[in-house]
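**Q** Give me a 3D structure for the following:
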Amino acid sequence: MKLMKLAELKGHDVYEFSYLNNYNEDSSDGHWSSESIYISDEEFTILSEFIDAAIENFNYYGPNKIHIEQWNNVRSRFNSLNVKDNDIKKFFLNIEYWLKSDLNKSDCFWILGL
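**A** Numbering: from 1, shown residues only. The predicted model follows:
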């Protein structure tokens, strides 16, 4: 599962992981931020069963404020299956690193849908 930066995007069918303070829900300011990370919609579907089980009413076509506890629940559900897929394991490690890089140390972040 490849995470991309804004400059690497070849299309717009992606999900954006945005720091809490980089996106304004009321005005949609901050969408397509250079500090965000992106994943293609095809690869994001791999996560859908874990997201649907851990996050009630996840909106695949709009903004979702995700609390760290919710994201940890997504990761725990994946880990409980003992899947040997190193790409997905690396994906979760990269997201964890990205979250720790948040200068504001927020307790939540955004996943912006298609």
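
**Q** Please name the bridge partners of Pro63.
**A** Taking DSSP bridges, one finds Leu112 as the beta-bridge partners of Pro63.

**Q** and for the helix ranked longest in the chain, what are the contacting residues?
**A** If each helix of the chain is counted by residues according to DSSP state H, the longest one is helix 86-100. When contacts are defined by Cβ atoms under 8 Å, 6 or more residues apart in numbering, helix 86-100 is touched by residues 1, 3, 17, 37, 39, 46, 68, 71, 75, 78, 109. For glycine as for every other residue, the C-beta is placed from the backbone atoms N, C-alpha and C.

**Q** what does stretch 4-11 give?
**A** Under the contact criterion Cβ under 8 Å, 6+ apart, stretch 4-11 has outside partners 14, 32-34, 36-40.

**Q** PyMOL command for the buried members of these?
**A** The command below creates a PyMOL selection of those among the contacts of stretch 4-11 that count as buried (16 or more other Cβ atoms under 10 Å):
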select buried, resi 14+33+36+37+38+39+40
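
**Q** Closest to Asn24 out of the contacts of stretch 4-11?
**A** Asn24 lies nearest to Ser33 out of the contacts of stretch 4-11, by Cβ to Cβ, at 11.1 Å.

**Q** Contact partners for the closest residue to the closest one other than its chain neighbours?
**A** Closest residue in space to Ser33, ignoring its immediate chain neighbours: Asn22 at 4.7 Å, by Cβ to Cβ, 6 or more residues apart in numbering. By Cβ under 8 Å, 6+ apart, the contact list for Asn22 reads 30, 33, 35-36, 110.

**Q** So Gln31 sits against Tyr23, correct?
**A** Quick fix: residue 31 reads His, not Gln. Yes - between His31 and Tyr23 there is a contact at 6.6 Å, judged by Cβ atoms under 8 Å.

**Q** So the two - more neighbours on which side?
**A** For His31 and Tyr23, the more surrounded residue by other Cβ atoms under 10 Å is Tyr23, and the numbers stand at 20 against 15.
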